[in-house]
Each structure stands twice: as C-alpha cells, then as structure tokens.
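Q: how does the following fold in three dimensions:
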Amino acid sequence: MKDGVNGIALGVFVFFFLAVTAMGFLAARWRRAENEHSLDEWGLGGRSFGTWITWFLLGGDLYTAYTFVAVPAAVYAAGAAGFFAVPYTILVYPLIFTFLPRLWSVSHRHGYVTTSDFVRGRFGSKGLSLAVAVTGILATMPYIALQLVGIQAVLDVMGIGGGENTNWFVKDLPLLIAFGVLAAYTYSSGLRAPALIAFVKDTLIYIVIAVAIIYIPIKLGGFDDVFAKAGEKFAAAGAGGLVPAPAGQWTYATLALGSALALFMYPHSITATLSSGSREVIRRNTTILPLYSLMLGLLALLGFMAIAAGVKVTNGQLAIPQLFENMFPDWFAGVAFAAIGIGALVPAAIMSIAAANLFTRNIYKDFIRPDATPKEETRVSKIVSLLVKVGALVFVLTMDKTVAINFQLLGGIWILQTFPALVGGLFTRWFHRWALLTGWAAGMVYGTVAAYGIASPTQAHFGGNAKEIPGIGEIGYIGLTAFVLNVIVTVVLTVVLKAVKAPEGVDQTRPEDYTADAGDAGVRVELPPATAGAPQ
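A: Predicted coordinates:
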C-alpha cells in the first residue's frame, strides 16, 4: 500500500463524484412530469423508461459497488468457489423472463408500486402483504450498508481519513459527505437520479474491466502465470483452488440456485423493473442483461490477478482496490475508484427508494393513514428514504464490516421466502393466503435459527449461510432449504384449508391484467381497500 494520500487518484475520483452529484440534482428536471407529487413519479420515474434506460438502471441496481469489490475478493480468498455469482446471474434471466412481464402488466393496470401491493391485491390479505413488506425492508437495509462499505474500501486505499488513531469524525468525514450528497439528490430527484447516473456508472465499469482484463495480465506475464500462481497458493492451502473442492460442490450449486431465485425478490430489483414504460421493455431487457454476466465473469478473474500480483491485505474487501492502485497509473486508478464509488451511489439510492415505497404503501397507508393523499405518500416516502440511509450509515460506522456482510447474507435467506407469494401468485390463485403466510413464517424461522447457529472467526452467530441439509447430509445454502420447507408447508396447508373451506380472500385482478401492455385499452385500477372487488 502506498503511503499517504494518492493525490492524483483522489483528484480524478473527486471530479467524477462532483459530476454525478450535479447529474443527480439535475435529474429532477429530466423527463419532468406534470404532477411530481406521486409515488409513480418520485418512486418509479413516471413508469416511462425505455429499453436502454431500464437496462442501465437494472445493471446499476444489480451490479453494485459491493459486487465490484466482493466477487473478486471471494475469488481472492476462496478460489473458484467465489465464482458462484456468475452461474446464478446466468440462471436468473430465463427465470425472470417468465414472470417479470406478468408482474409489470398487472402492476401497470392496477397502479401497484411494490410487490406487497400486488400480493395484497391478488390474495386480499393485509397480513401477507405486511409480511412481504417487512421482509423486503429488513433484507434491503444491510444491502445499503454494504454499498457504503464499498465506498469505504476505496477511500481507505486512497489514504483518505488517516490511520486507525485518527479522530473518528475526521476518519469518517469523506463517507459522511458522500452519504449527505446521496441523501440530498435522492430526496430531490427520486428514481430519476440513479437512472441518469447509471449511464456514467456502467460506462466507467465497462471501461475499467476492459482495461484491467488486458493491461494487468500483460504486466503480470500473461494469464498462464496468473492461473499458475493462483493455483499454487490454493494448492498449498488445500483449498481446492481453480475448481471447487468436492466437499463444497453442494454449497456452490445450492447457493447459485438460491441466489438466482432471490435476486428479483429484492424490492430494488422490482422498483427498477416497474419504472419501465412497457411490457416489451422488460422482455427485451431479460435478453440483453446477460451482457452484465459476461462482465461479472471477467471481474471475478481480478481475484486471481490480485494473488499473482502479490497483493497482501488483512481485509479481503481491499484486495481489488489495492490491485488497481498497485498496477494502474495513478490517474486511471482514480477512474477505477470512481467506478466503484459511483457503483455504490446508484444502487444505494434505488434501494432506499424501494424500502421507503414499501413502508409508505404497505405499512403507513395500510395501517396508519388509509386516507393518505398521493402528495402525503410521496412526502412520507422521501422522509423514510432518508431514515433508511441514516440507519445504514450508523450500521457501517458502529459495527464491524464482517457483521454487515453476514447480515446481508441473512437478508438473502429472508427475501427468498417471499418467492411463493409473489411468483406463485403471478401464475395461480390456488395457494391459500393463510398457507402462504404460514409457509413464509416457517421459512423465516428455520432460516434465521439455522443461520444463528453458524459461527465464524469474527462472529459467534450469523457467521455464514451454509449448513447441513436435513435428510441429505450435504452442506448447502440455508436459504434454499428454508425455501423448500416454505413450499411444503404452503402446499400442505393449502390443501387442508381448501378442504375446510377457509375464507380465501378477494382477488382484485383479472386474467387479462397479466398480459396487458401500456397501449392496451382498459381503465387503470388504483389499489382499493382489501375488502373491495369481485369475489374469487
């Protein structure tokens, strides 16, 4: 690590940061709507984004600063096991092709802003809607915190903030400034800000990865030497290395599958999806988003390059920023650091908006102020988006970084338990609302208890997300095991509840709602009280 502050890299970083800050505030005037006092406008960008804006927004949303830092860091620390993120992003796009267009159509027709809106409308259950909303908020909070961890990693490598003995305020001041700017332009511009900034973020990331994948191996003697040195390290450590160890293959496969199922259950993924202008925009995006998977595969190789370059760090999250500082000229290291930093701002903004929309529509409006006006909803959502960011900032500043990482892993286990209600509901009304709620509770309890019992070198509890699968004896992803339990409980209870003719609630949707497009005839139906609508 270079001593002191890298002035040139810092200068380039600050230039790009100021540029996107200006874009964030100017975004309020971009595609301005006649009525800005509605969640459709502030929280979903007016539901008007086309194919390329949606592609950049979804890419900026899903491929975050933490992805940029953590995926190659996992490869740096654990070898090929860290590549699980590549197959899961390949699996996810055919999956979402089947259900995201249906979700967009029914949400467009009924004015749904969140997944909980849809669940309530489909099953006539405020309780199930509340469960989905609370799960989404809890799963999103540590995800936002990890974006701030990504910014911190870059700031640490650039030497900003001083050493461990520096006054806490001085040390964390750059992060506080970044947080303040993010909070201000998100409050002002809503989803339009990250949508506009995503163009810069993704362009920078593609440039940095294209240069890194060519320039760094040349400096290290070619890919043969890179893989040879990485293989030697892992062979000496008995860690499997360039292929997953046999004992870890069940973990690898179940983690990839479970992560694929969970990715588009996160509220920020759905928020970016519902902002698009038509059903066909969603379908086209599922075919071109795999370009990001190609980028992710190349990004993961940086972990092996860090090994070959002799990067030594006590915190694995610093491995890739340190590799960039060691290998790139200072000015281009600044570009790379800016890509990571901006890569944190875009998803953090979308995540805070998504969490705020869930609270406003499915907690505040459903249980506190049922008669809230659209203007009041927007005001509450803006305030909650600030509070969510503050919570994430406090989490990062007061807790060890590994705690944030492990709670994000727990969030993945939790959010997967909303899959039966959301995706199941998009295709069938057979599941009973009480069965879905009980299955969700069973999956949440099992997943949380199982994760609680896992220790790590830094934590006594919640130290990982893999454990022995009951009845199989192999180590697998806890989230997927909890999901299977969830589905079994849901199916069995649905049969029982239908047999005793338990009240099934009111379905406020119609079959044609799930295939409607923006130009189709039909009156848009706003979400009415849960007791309204035609009986099922």
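
Q: buried ones in stretch 447-458, by neighbour count?
A: Neighbour counts over stretch 447-458 (16 or more other CB atoms under 10 Å) mark 447-448, 450-451, 454 as buried. (Glycine included, C-beta is placed from N, CA and C.)

Q: determine how far the last residue of that stretch lies from the first.
A: Between the opening and closing residues of stretch 447-458 lies a distance of 20 Å (CA to CA, to the nearest Å).

Q: I'd like the average pLDDT over it.
A: Averaging the model's pLDDT scores along stretch 447-458 yields 87.

Q: wait, doesn't residue 342 sit right on residue 200?
A: Yes - assessed by CB atoms under 8 Å, residue 342 is found in contact with residue 200 at 6.2 Å.

Q: show me the common contact partners of those two, please.
A: Taking CB atoms under 8 Å, 6 or more residues apart in numbering as the contact criterion, the common neighbours of residue 342 and residue 200 are 16, 20.

Q: what about these two, which has more around it?
A: It is residue 342, of residue 342 and residue 200, that has more neighbours when counted by other CB atoms under 10 Å, with 25 against 20.

Q: let me see the contact set for the more buried one.
A: Residue 342 makes contact with 16-17, 20, 65, 197, 200-201, 204, according to CB under 8 Å, 6+ apart.

Q: returning to that earlier point: ok, so of the buried residues of stretch 447-458, who is nearest residue 121?
A: In terms of CB to CB, no member of the buried residues of stretch 447-458 lies closer to residue 121 than residue 447, at 26.8 Å.

Q: follow-up on the earlier one: looking at the buried residues of stretch 447-458, which is nearest residue 50?
A: Sorting those by how near they are to residue 50, with CB to CB, puts residue 447 at the top with 38.0 Å.

Q: so that closest one: helix, strand or coil?
A: helix (DSSP: H, G, I helix; E, B strand; the rest coil).

Q: excluding covalently adjacent residues, which one is nearest to it?
A: The spatial neighbour of residue 447 that comes closest, neighbours along the chain excluded (CB to CB, 6 or more residues apart in numbering), is residue 482 at 3.6 Å.

Q: and that neighbour, how many neighbours?
A: Applying other CB under 10 Å, we find 25 other residues in the vicinity of residue 482.

Q: going forward, the N-terminal residue is numbered 22.
A: OK, 22 is where the count begins now, so the last one is residue 503.

Q: next one: it from residue 431, what distance?
A: When distances are taken as CB to CB, to the nearest Å, residue 503 and residue 431 turn out to be 11 Å apart.

Q: tell me, what's touching the two both at once?
A: Here residue 503 and residue 431 share the contacting residues residue 468, scored by CB under 8 Å, 6+ apart.

Q: so what's the residue nearest to residue 468 up against?
A: Residue 503 makes contact with 434, 437-438, 463-465, 467-468, 471 under the criterion CB under 8 Å, 6+ apart.

Q: tell me which of the residues you listed fall in helices.
A: The members of the contacts of residue 503 that map onto helices under DSSP state H are 434, 437, 463-465, 467-468, 471.

Q: and those, which is closest to residue 165?
A: Using CB to CB, the shortest approach to residue 165 within the ones in helices among the contacts of residue 503 belongs to residue 434, at 17.6 Å.

Q: where does the stretch 72-221 of the chain have low pLDDT?
A: Within the stretch 72-221 of the chain, the segments meeting pLDDT under 70 span 182-192.

Q: tell me which helix or strand residue 200 sits in.
A: When secondary structure is defined by DSSP states H and E, residue 200 falls within helix 189-210.

Q: please list only the buried members of the contacts of residue 363.
A: Of all these considered here, the ones buried according to neighbour count by 16+ other CB under 10 Å are 37-38, 41, 86, 218, 221-222, 225.

Q: residue 52 - that's part of a strand, no?
A: No - the assignment for residue 52 is coil, going by three-state DSSP, so no strand is present there.

Q: is it correct that residue 482 falls within a strand?
A: No - inclusion of residue 482 in a strand is not indicated when three-state DSSP is applied; the result is coil.

Q: can you count the residues close to residue 123?
A: 20.

Q: make sure it is actually in contact with residue 447.
A: Yes - contact between residue 123 and residue 447 holds when scored by CB under 8 Å: they sit 4.7 Å apart.

Q: show me whatever sits in contact with both of these two.
A: Counting by CB under 8 Å, 6+ apart, the residues touching both residue 123 and residue 447 are residue 535.

Q: what does the model give residue 410 for pLDDT?
A: Here the pLDDT value assigned to residue 410 is 88.

Q: can you pull the contacts of it?
A: Residues near residue 410 by CB under 8 Å, 6+ apart: 165, 200, 203-204, 207, 369, 373.

Q: relative to residue 231, which of these is nearest.
A: Distance to residue 231 across the contacts of residue 410 (CB to CB) is lowest for residue 369, with 25.0 Å.

Q: tell me the contacts of the closest one?
A: For residue 369, the set of contacting residues under the criterion of CB under 8 Å, 6+ apart consists of 165, 168-169, 203, 410, 413.

Q: ok so, going back, what strand or helix carries the residue nearest to residue 468?
A: Using DSSP H and E, residue 503 sits within helix 499-520.

Q: could you do residue 488 as well?
A: Judged by DSSP H and E, residue 488 forms part of strand 487-489.

Q: now do that strand: distance to the chain's middle.
A: Remark: strand 487-489 is offset 23 Å from the chain centroid, using CA atoms, centre = their mean, to the nearest Å.

Q: packing partners of that strand?
A: The elements that strand 487-489 packs onto, with contact taken as 3 or more CB pairs under 8 Å, 6 or more residues apart in numbering; DSSP states H and E, are helix 270-284, strand 496-498, helix 499-520.

Q: residue 90 is in contact with residue 324, correct?
A: No - applying CB under 8 Å, one finds residue 324 not in contact with residue 90, separated by 10.6 Å.

Q: what do those two both touch?
A: Residues touching both residue 324 and residue 90 by CB under 8 Å, 6+ apart: residue 341.

Q: returning to that earlier point: which secondary structure elements does the helix holding residue 200 contact?
A: helix 28-47, helix 147-179, helix 213-241, helix 351-380, helix 395-419.

Q: could those helices go into CSV alongside distance to residue 276?
A: Putting the helices and strands packed on helix 189-210 into CSV (distance: least, CB to CB, whole Å) gives the following:
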stretch, distance to residue 276
helix 28-47, 33
helix 147-179, 16
helix 213-241, 23
helix 351-380, 21
helix 395-419, 24
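
Q: tell me what angle the helix or strand containing residue 99 forms with helix 351-380.
A: The secondary structure element spanning residue 99 is helix 86-99 (assigned by DSSP H and E). Taking axes from the mean of the first three to the mean of the last three CA atoms, to 10 degrees, one finds helix 86-99 and helix 351-380 inclined to each other by 110 degrees.

Q: for helix 86-99, packing partners?
A: Using 3+ CB pairs under 8 Å, 6+ apart as the contact test, the elements touching helix 86-99 are helix 106-131, helix 147-179, helix 311-321, helix 323-329, helix 340-348, helix 351-380.

Q: which residues does the residue most central in space within the chain contact?
A: Within the chain, the residue whose C-alpha comes closest to the C-alpha centroid is residue 83; the distance, by CA atoms, centre = their mean, is 5.3 Å. Under the criterion of CB under 8 Å, 6+ apart, the neighbours of residue 83 are 110, 284, 290, 313, 368.
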